[in-house]
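Asks: Need a 3D model of the sequence below.
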Amino acid sequence: MKTLITTLILTMCVSLNAQSKYEQGMTKAFSLLEHNKLDEAANLFERIATAEDSAWLPDYYVALTHVLKCWSSWENRDEATLKANLDKAQEYVNNIKAKALKEAYAYQIQAQVHAVWVAHDGMKYGMKYSAAVNKLYDAALALQPKNPIFIMNKAEWEMGAAQFFGTPIDAQCQAINRAIELFPTFKAETQFHPSFEIDRAIEAQKNNCTK
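Replies: Have a look, this model is predicted:
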């Protein structure tokens, strides 16, 4: 019995230590992300993803960081660099699908990867990815219809298309308003799940939806 208890205690200690390392690693990676150290953040998220076989959030942030790298260098982008970042992002989106196929955030981040391609060259990639982006955001919202992140992402995507074609954006403004209304009741599932950036939503509302 004493041996069994000792074994159980040791197992619990190892588990707690592993969880602590995960939390520490994620916290450090978020700090790098917040300070715009995108390469360092991506590398650390990759190491965490490799160590955490069942956790999909590190994979999500690897993909997201590479998407952010594309936007951060947008004015001086070239397709080879863009492709390298988006290929890496896609690799980790595929990892999320393998770990959690029906996870709503898997649809959302896949939509964002496709959206970068469309924004880069609408003539070349619009036919290939635009319809898919719409379906992916719809799939995310079907799973979490009150998630303001998904509502906001879809509204921004549709607003960009509407402004490009010169069509009204009333529906998208209503969606942005809805996202802002949902903010007080939205709570991320864990401390490491994506959180809603209400400041960005308010800025989009102010810039696009006030007459």
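
Asks: which parts of stretch 86-99 are buried?
Replies: 86, 88-90, 92-93, 95-97, 99 (16 or more other Cβ atoms under 10 Å). (Glycine included, C-beta is placed from N, CA and C.)

Asks: how far away is Tyr92 from Tyr129?
Replies: The gap separating Tyr92 from Tyr129 is 18 Å, by Cβ to Cβ, to the nearest Å.

Asks: any idea where the strands of the chain begin and end?
Replies: Remark: strands of the chain are absent; assignment by DSSP state E.

Asks: In this protein, what helix or strand scores lowest on average pLDDT?
Replies: One helix or strand of the chain scores below all others by mean pLDDT, DSSP states H and E: helix 2-34, with a mean of 65.

Asks: show me what contacts Leu33?
Replies: Listed by Cβ atoms under 8 Å, 6 or more residues apart in numbering, the contact partners of Leu33 are 41, 61, 65, 68.

Asks: Just flag the most distant two among these.
Replies: Between any two of those, the greatest separation by Cβ to Cβ is 9.8 Å, found for Tyr61 and Leu68.

Asks: okay, now Asp53: neighbour count?
Replies: 7 (other Cβ atoms under 10 Å).

Asks: same question, the one 5 residues further on
Replies: Pro58: 25 surrounding residues under other Cβ under 10 Å.

Asks: For it, give its distance to Leu136.
Replies: Applying Cβ to Cβ, the value for Pro58 to Leu136 is 21 Å.

Asks: What of Ala89?
Replies: Counting by Cβ to Cβ, the gap from Ala89 to Leu136 is 14 Å.
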